[in-house]
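>>> Everything below, folded, please.
(one chain, ligands or ions: 1)
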Amino acid sequence: MPFYHKLGNIPPKRHTQFRKSDGSLYYEQLFGTIGFDGMSTNSYHEQRPTQVKEIKRQYSVAPKIALKNNIKSYRFKGFQVKPEDDYLESRKTVLVNSDCAIVLAAPKQSTKDYFYKNTDADELIFIHKGSGRLRTMLGNINFKYGDYLLVPRGIIYKIDFDTQDNRLFIVESHRPIYTPKRYRNWFGQLLEYSPFCERDIRQPQELETYNENGDFLIKVKKQGDIIEMVYASHPFDVVGYDGYNYPYAFSIHDFEPITGRVHQPPPVHQTFETDAFVVCSFVPRLYDYHPQSIPAPYNHSNIDSDEVLYYVDGDFMSRNDIEAGHISLHPAGIPHGPHPGATERSIGQVKTDELAVMVDTFKPLMVTEEAMKIADEGYYKSWLE
Ligand SMILES: [Fe+2]
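Predicted coordinates:
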């Protein structure tokens, strides 16, 4: 995250002696991204973070591809993904390309007997249903409905849910996920016309620190495999850190919409960016106020990006027969637009309660076998009168 955060105890100067009460040294770890050029965090550990005790099972969780070269619009019924006990097993990749994976999950249980680390991808976890606590090596963050949780790659975490009724929409990104650059000044501060500001970003506020030895299982995701690694010391042993690379939360309900006299283009909804895709938040807002305005979007050709819309809540004005939990995929190369009647229906309306998350990828997405289980094959004809 592009602003500085400090938590716990750290020495006054980096890379200097920092001692425990018994006189021994804490173990420093620089946790950096993009080599040493990206954001980094400097953390201090009770024990060496390198104590691999054993490497156990390694198995593939790579998604099975059903459609590679796709130009068909699809609707997927996300809530038909069946709840499963285990957090990792519940995660079903539905759309994927070489930059990112779009994942649906309905986990019933918290991660009890293992820790998890994704070494390949930043994870953006949108909480559609459920609440709980994200517990990480760099501190904890409480979450609830509407939160985006951004977990940078390499952060070891556990996730605790308050109940068994959870629905997550996750984007795994091989490119770092940032807030849009155009909303930041040259010092990194969010500008006045940004739809959110620093106060809306929730940083970790509580460190869980254990100085324990034993067998600690970390399930590590790397190149489509899960590798079960046993460490000799507790992964949550950080006494303090500072820097820019840490997990954070941002609620979609804190996104302040930008509106205008005539229809505003999708970039006004942008919340996150990478160099491979963007994430937008469509939130309750007043409609366009030109006397002749048409609140429904115009038809548009996303000629060079695949558009994925995940419908969260409210009434989706431009679509017929879309419910919460549905995903629409409008692939690159063909135009799409409001369903028949939606344009006329929108005229004269003053506001919308819609809540949706959009992911526009610059490379085409492949449709997985998991997605085909919940696919509406007829959707691509739904613009016919
Ligand atoms: Fe669109």
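>>> tell me what the helix or strand bottoming out on mean pLDDT in the chain is packed against?
Every helix and strand of the chain was ranked by mean pLDDT, DSSP states H and E. The lowest is strand 300-301, at a mean of 90. Contact here means 3 or more C-beta pairs under 8 Å, 6 or more residues apart in numbering; DSSP states H and E; on that basis strand 300-301 packs against strand 335-336. Backbone N, C-alpha and C define where each C-beta goes, glycine included.
>>> what's downstream of the strand it packs on, the next helix or strand?
helix 342-346 (DSSP states H and E).
>>> and that next one, which residues are buried?
Using 16 or more other C-beta atoms under 10 Å as the test for burial, helix 342-346 gives 342-343, 345-346.
>>> gap between Val283 and Pro195?
To Pro195, Val283 is 9 Å away according to C-beta to C-beta, to the nearest Å.
>>> shared neighbours of those two, anything?
255, 257 (C-beta atoms under 8 Å, 6 or more residues apart in numbering).
>>> Same drill for these two, tell me which one is more crowded.
Val283 (24 against 20; other C-beta atoms under 10 Å).
>>> what's the spacing between that one and His253?
7 Å.
>>> Could you report the neighbour count for Gly378?
For Gly378, using other C-beta under 10 Å, the count is 9.
>>> and it, what does it touch?
Taking C-beta under 8 Å, 6+ apart, one finds nothing in contact with Gly378.
>>> what's next to stretch 19-29, contact-wise?
Contacts of stretch 19-29 (C-beta under 8 Å, 6+ apart): 14-15, 17-18, 42-49, 239.
>>> okay, Met317: pLDDT?
As predicted, Met317 sits at a pLDDT of 69.
>>> Please name the nearest non-neighbouring residue to Ser131.
In space, and not counting its chain neighbours, Ser131 is closest to Lys144: 4.1 Å by C-beta to C-beta, 6 or more residues apart in numbering.
>>> Give me the neighbour count for the one you found.
With other C-beta under 10 Å as criterion, Lys144 counts 14.
>>> try Gln51
With other C-beta under 10 Å as criterion, Gln51 counts 12.
>>> Quick check, pLDDT for it.
At Gln51, pLDDT is 98.
>>> so who does it touch?
With C-beta under 8 Å, 6+ apart, Gln51 has these contacts: 231-233.
>>> Now, the residues you listed that are in helices?
Within these, no residue falls in helices by DSSP state H.
>>> Could you dump these into a markdown table with neighbour count, pLDDT and distance to Val279 added?
A markdown table is the format used below for the contacts of Gln51 (neighbours: other C-beta atoms under 10 Å; pLDDT from 0 to 100; distance: C-beta to C-beta, whole Å):
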| residue | neighbour count | pLDDT | distance to Val279 |
| --- | --- | --- | --- |
| Tyr231 | 22 | 98 | 33 |
| Ala232 | 16 | 98 | 38 |
| Ser233 | 21 | 98 | 36 |
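>>> Okay, and which of those residues map to strands?
Assigned to strands by DSSP state E, the following of the contacts of Gln51 qualify: 231-233.
>>> wait, isn't Thr259 in contact with Pro284?
No: at 11.1 Å, Thr259 does not count as touching Pro284 under the criterion of C-beta atoms under 8 Å.
>>> neighbours of Ser301, just the number please.
For Ser301, using other C-beta under 10 Å, the count is 12.
>>> you'd agree Cys100 is up against Phe362?
No: the pair Cys100 / Phe362 is not scored as a contact, 10.0 Å apart, by C-beta under 8 Å.
>>> List the residues that are in contact with both of those two.
276-277.
>>> So for those two, which sits in the more crowded spot?
Set Cys100 next to Phe362 and count neighbours by other C-beta under 10 Å: Cys100 wins out with 26 against 15.
>>> residues near the residue lying closest to the more buried one once chain neighbours are set aside, how many?
Nearest non-adjacent residue to Cys100, counting by C-beta to C-beta, 6+ apart: Ser173, 4.8 Å away. If you count neighbours by other C-beta under 10 Å, Ser173 ends up with 24.
>>> Where does pLDDT dip in this structure?
The chain contains residues with pLDDT under 70 at 1, 317.
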